[in-house]
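Chemist: below are the sequence and a predicted model for it; my questions follow.
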Amino acid sequence: MCVNNSNDIAGNLIQKKINTINLGVTGSGPLTTLAILREYGNFFKPKNSIYLYFEGNDLDDLNWEKKNDQLLKYLNNSHKLDYINNYKYIEIFLKEAEKESIKIARLRLSTGNYDKAIQKKKINLIKEHLKDIIELNHLKNIIKFSILNNQNTQYDLNFLYDVVERMNIETKNWNGDFIFVYVPTWSRYFTSHSKEVPKQKLKDEILKNIELKGIKTIDLTDFFDSTENIKQFFPLGYLGHFNSNGYKKIAEIVIKELDIN
């Protein structure tokens, strides 16, 4: 997210002459990832299938995915919609979706021609209140943290392990190697009061159980926990997805761990 393709993880691998395809999709949880691997993995048959597990929201995504009947069908090893050979229909859908998006964007632009002076005043007002918003948000997180810390948030870790194991089996079907990469969220390093803290505490348990299934893991927190200047890897030195420096470093770690240089 938020960088050009040449600067994301796959782009950095390609720059190192490592043939790579990025099949990541915004909002993909573990079950959606299994579906992507089923639909496209057997076509490309990569030597390494690398799953980036993001501690910030993958468990939340999985809770949603469990309610999706279409995604649950992928728990059946024979289920496949064969997107590769039906791409013409996908292309039609994408073109129609693009037209609709452009239509909506133009509509918003046509109704947003505010007087420049008024617009500038609004922007300055937003800037003035930005600090207050951030401080209030921080206070809100502290309160949420104190509440969540006393609650047992329900995550089906056994379901996660089952889905990841199925990804591994899919990859083994073409004699490839499956790698589970644990990706930390920015809040792990910049705030101790976050709704994500309960999920962060599950890291060791998750990695242990994935490894017990004979699956290779890479824990990116091993590097980021020990780096002296963590801010260099994030936008504005604070929050959000990794910046180009962060993605480059992750690619370097993957290359080193897998010895694929």
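Modeler: Sure thing, it's come through.
Chemist: could you use CA atoms for every contact and neighbour count after this?
Modeler: Noted.
Chemist: quick one, phi psi at the residue nearest the centre of the chain?
Modeler: The centroid of the chain falls nearest to residue 54 when counting by CA atoms, centre = their mean (5.2 Å). Dihedral angles of residue 54 (phi, psi; degrees, to the nearest 10) stand at phi -100, psi 120.
Chemist: what residues are up against it?
Modeler: By CA atoms under 8 Å, 6 or more residues apart in numbering, the contact set of residue 54 is 182, 183, 184, 185.
Chemist: how close does the third one get to residue 248?
Modeler: Residue 184 sits 15 Å away from residue 248, taking CA to CA, to the nearest Å as the criterion.
Chemist: please parse the protein into its domains.
Modeler: Here the domain parsing of the chain from automatic domain parsing is 5-84+157-258, 115-155.
Chemist: re the thing from before, between the contacts of residue 54, which sits nearest residue 9?
Modeler: residue 183 (12.3 Å; CA to CA).
Chemist: convert the C-alpha atoms of the helix or strand residue 94 falls within to PDB, please.
Modeler: Per DSSP states H and E, residue 94 falls inside helix 87-110. The C-alpha coordinates for helix 87-110 follow below in PDB (Å, rounded to 0.1, in the frame of the first residue of the first chain):
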ATOM      1  CA  TYR A  87     -10.800 -13.800 -17.100                       C
ATOM      2  CA  LYS A  88     -13.000 -12.200 -19.900                       C
ATOM      3  CA  TYR A  89     -15.900 -12.000 -17.400                       C
ATOM      4  CA  ILE A  90     -13.700 -10.500 -14.700                       C
ATOM      5  CA  GLU A  91     -12.400  -8.000 -17.300                       C
ATOM      6  CA  ILE A  92     -16.000  -6.900 -18.100                       C
ATOM      7  CA  PHE A  93     -16.700  -6.500 -14.400                       C
ATOM      8  CA  LEU A  94     -13.600  -4.400 -13.800                       C
ATOM      9  CA  LYS A  95     -14.300  -2.100 -16.800                       C
ATOM     10  CA  GLU A  96     -17.800  -1.500 -15.500                       C
ATOM     11  CA  ALA A  97     -16.600  -0.900 -12.000                       C
ATOM     12  CA  GLU A  98     -14.000   1.600 -13.400                       C
ATOM     13  CA  LYS A  99     -16.700   3.500 -15.300                       C
ATOM     14  CA  GLU A 100     -18.900   3.700 -12.200                       C
ATOM     15  CA  SER A 101     -15.900   5.000 -10.100                       C
ATOM     16  CA  ILE A 102     -15.100   7.700 -12.600                       C
ATOM     17  CA  LYS A 103     -18.800   8.700 -12.800                       C
ATOM     18  CA  ILE A 104     -18.900   9.100  -9.000                       C
ATOM     19  CA  ALA A 105     -15.600  11.000  -8.900                       C
ATOM     20  CA  ARG A 106     -16.800  13.500 -11.600                       C
ATOM     21  CA  LEU A 107     -20.000  14.000  -9.700                       C
ATOM     22  CA  ARG A 108     -18.200  14.900  -6.500                       C
ATOM     23  CA  LEU A 109     -15.800  17.300  -8.300                       C
ATOM     24  CA  SER A 110     -18.700  19.100 -10.000                       C
END
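Chemist: and that helix, which residues are buried?
Modeler: By 16 or more other CA atoms under 10 Å, helix 87-110 has no buried positions at all.
Chemist: same question for it, mean pLDDT?
Modeler: Mean pLDDT, helix 87-110: 84.
Chemist: equivalent analysis for stretch 201-213, please.
Modeler: Computed over stretch 201-213, the average pLDDT equals 97.
Chemist: before we move on, the earlier item: which of the contacts of residue 54 fall in strands?
Modeler: Of these, the ones assigned to strands by DSSP state E are 182, 183.
Chemist: most tightly surrounded among the domains of the chain?
Modeler: Burial of these is given as mean neighbour count (mean count of other CA atoms under 10 Å); domain 5-84+157-258 ranks first at a mean of 16.
Chemist: can you give me the end-to-end span of that one?
Modeler: OK, domain 5-84+157-258 end separation, CA to CA: 22 Å.
Chemist: do the same with stretch 76-85
Modeler: Where stretch 76-85 starts and where it finishes are 20 Å apart, if you go by CA to CA.
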